[in-house]
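A.B. asks: Build me a model from this:
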Amino acid sequence: MSDRLAAELHEVSKRYPGGVTAVDRLSLRVREGEVLGFLGPNGAGKTTTMRMLVGLVHPSAGRIQVLGEPPGRQLARIGALIESPTFYPHLTGRDNLRLAARYAGVPDAAADRVLDEVGLTARARSPFRTYSLGMKQRLGVAAALLKEPSLLILDEPTNGLDPAGVAEMRELLRSLGRHGQTVLLSSHVLAEVEQVCDRIAVIDRGRLVAEGTPDELRGALGAGVLLIDADPTDTALTCLRADDRVRAVEVVDGTLRVSTDLALAAELNRRLVTAGVEVRELRPLRHSLEEAFLELTAPTAPVPVPEQPEAQHATTGAAR
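C.D. replies: Take a look at the predicted model:
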């Protein structure tokens, strides 16, 4: 992963008529060569953000750079699947891609290459209207790959795929990441994001609420908490509560959740064993990515309020 940026949004907002704010002063960086997961509940502003990155929607405020240019200036180096893919229904999958290739200025042979990459070669001669939802998604991803883009923007690429198709798409995304492709991936399949993405950005109500590696997001919610499976539980509780370095102890599903400095784990284990407690498990608590996502985007979760800038940045895309 490079320190150079494939895309950057700085204090970007998008307001629609009627007072609807889809994106609210969002700052986000996509590094070259990384696969960045872009998560958020429905209506969080993910698709609007992606549409702004490719120049389909102009921001109301803020600054956007994509591959060193304002949005829309580098479309020859960008591949995108945003919302539902649309093709000519009477044309075959191959003919649709060949037509797209000619518009993009790439050889017809690229169509066969990407059909193979997304596993559609066997249905290449079938009309698009006969495709299932999952096959339509695959063809949309294939079209996004035609130009071998420097930046690939994918909005829910596994929508409609069966479990085998999800696994194949996941392997494709992994392959792109291994070859240094920059990918911005929006998905509700958290297992896919966890296994594929180098970093994750979570937005809620149009604002960035968390950013980091999957491990960092999982660990943040359980920071400073030990999970201890001990018997007898009552003796363990008494022992731990007597230690003034333990901030809190609670029993959840038969195991202890101990709020303390994680560096004290070995010492607390010794104290429990000395007190006659059998310690069957002792480890730092790590939430699943799903638990982290749900807590970060809960209706009662606070949304960070950005500091007021000294001066409003001009919108780079709106002047075109």
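A.B. asks: For the residue lying closest to residue 143 once chain neighbours are set aside, give me its contacts.
C.D. replies: Counting by CB to CB, 6 or more residues apart in numbering, residue 143 lies nearest to residue 100, which is 5.1 Å off, once chain neighbours are set aside. To be clear about C-beta, it is placed using only N, CA and C from the backbone, and glycine gets the same treatment. Taking CB atoms under 8 Å, 6 or more residues apart in numbering as the contact definition, residue 100 lies against 111, 143, 146.
A.B. asks: Could you pull out the buried residues of the strand or helix carrying residue 295?
C.D. replies: Using DSSP states H and E, residue 295 maps to helix 289-296. Judged by neighbour count using 16 or more other CB atoms under 10 Å, the buried positions of helix 289-296 are 289, 292-293, 296.
A.B. asks: Take the contacts of residue 100 and lay them out in CSV including pLDDT.
C.D. replies: Rendered in CSV, the data for the contacts of residue 100 read as follows (pLDDT from 0 to 100):
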residue, pLDDT
111, 96
143, 96
146, 95
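A.B. asks: Using neighbour counts, trim those residues to the buried set.
C.D. replies: A residue is treated as buried here by neighbour count (16+ other CB under 10 Å); on that basis the buried members of those are 111, 143, 146.
A.B. asks: Quick check: phi and psi at the closest residue to residue 57 other than its chain neighbours.
C.D. replies: In space, not counting the residues next to it along the chain, residue 57 is nearest to residue 51; the distance is 4.2 Å by CB to CB, 6+ apart. When quoted as degrees, to the nearest 10, the phi and psi of residue 51 stand at phi -70, psi -30.
A.B. asks: among the contacts of residue 100, which are in helices?
C.D. replies: Judged by DSSP state H, the subset of the contacts of residue 100 located in helices is 111, 143.
A.B. asks: okay, the contacts of residue 100 in JSON lines with distance to residue 232 next?
C.D. replies: What follows is the contacts of residue 100, written out as JSON lines (distance: CB to CB, whole Å):
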{"residue": "111", "distance to residue 232": "67"}
{"residue": "143", "distance to residue 232": "62"}
{"residue": "146", "distance to residue 232": "64"}
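A.B. asks: wait, which of the buried ones among the contacts of residue 100 is closest to residue 282?
C.D. replies: The shortest gap between residue 282 and any of the buried ones among the contacts of residue 100 belongs to residue 143, at 51.2 Å (CB to CB).
A.B. asks: doesn't residue 114 make contact with the closest one?
C.D. replies: Yes - using CB atoms under 8 Å as the test, residue 143 is close enough to residue 114 to be in contact (7.5 Å).
A.B. asks: Quick check: next helix or strand after the helix or strand hosting residue 139?
C.D. replies: When elements are defined using DSSP H and E, residue 139 is found to belong to helix 133-145. Toward the C-terminus, helix 133-145 is succeeded by strand 151-155 as the next helix or strand (DSSP H and E).
A.B. asks: buried stuff in the host helix or strand of residue 28?
C.D. replies: Under the assignment given by DSSP H and E, the secondary-structure element containing residue 28 is strand 20-31. Burial within strand 20-31, assessed by neighbour count using 16+ other CB under 10 Å, is assigned to 21-26, 28-31.
A.B. asks: Let me have those in CSV, extended by distance to residue 70.
C.D. replies: Compiled in CSV, the buried residues of strand 20-31 are given as follows (distance: CB to CB, whole Å):
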residue, distance to residue 70
21, 22
22, 20
23, 17
24, 21
25, 19
26, 17
28, 16
29, 16
30, 15
31, 19
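A.B. asks: Run through the stretch 201-320 of the chain and note the low-pLDDT ranges.
C.D. replies: Applying pLDDT under 70 to the stretch 201-320 of the chain picks out residues 219-223, 286-287, 300-320.
A.B. asks: switch the cut-off to 50
C.D. replies: By pLDDT under 50, the low-scoring segments of the stretch 201-320 of the chain are 307-320.
A.B. asks: which stretches of it form helices?
C.D. replies: Taking DSSP state H, counting those that start in this stretch as the criterion, the stretch 201-320 of the chain carries its helices at 214-221, 233-241, 265-274, 289-296.
A.B. asks: Could you export those as TSV, including distance to residue 162?
C.D. replies: Formatted as TSV, the entries for the helices of the stretch 201-320 of the chain read as follows, by distance: least, CB to CB, whole Å:
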stretch	distance to residue 162
helix 214-221	25
helix 233-241	44
helix 265-274	43
helix 289-296	21
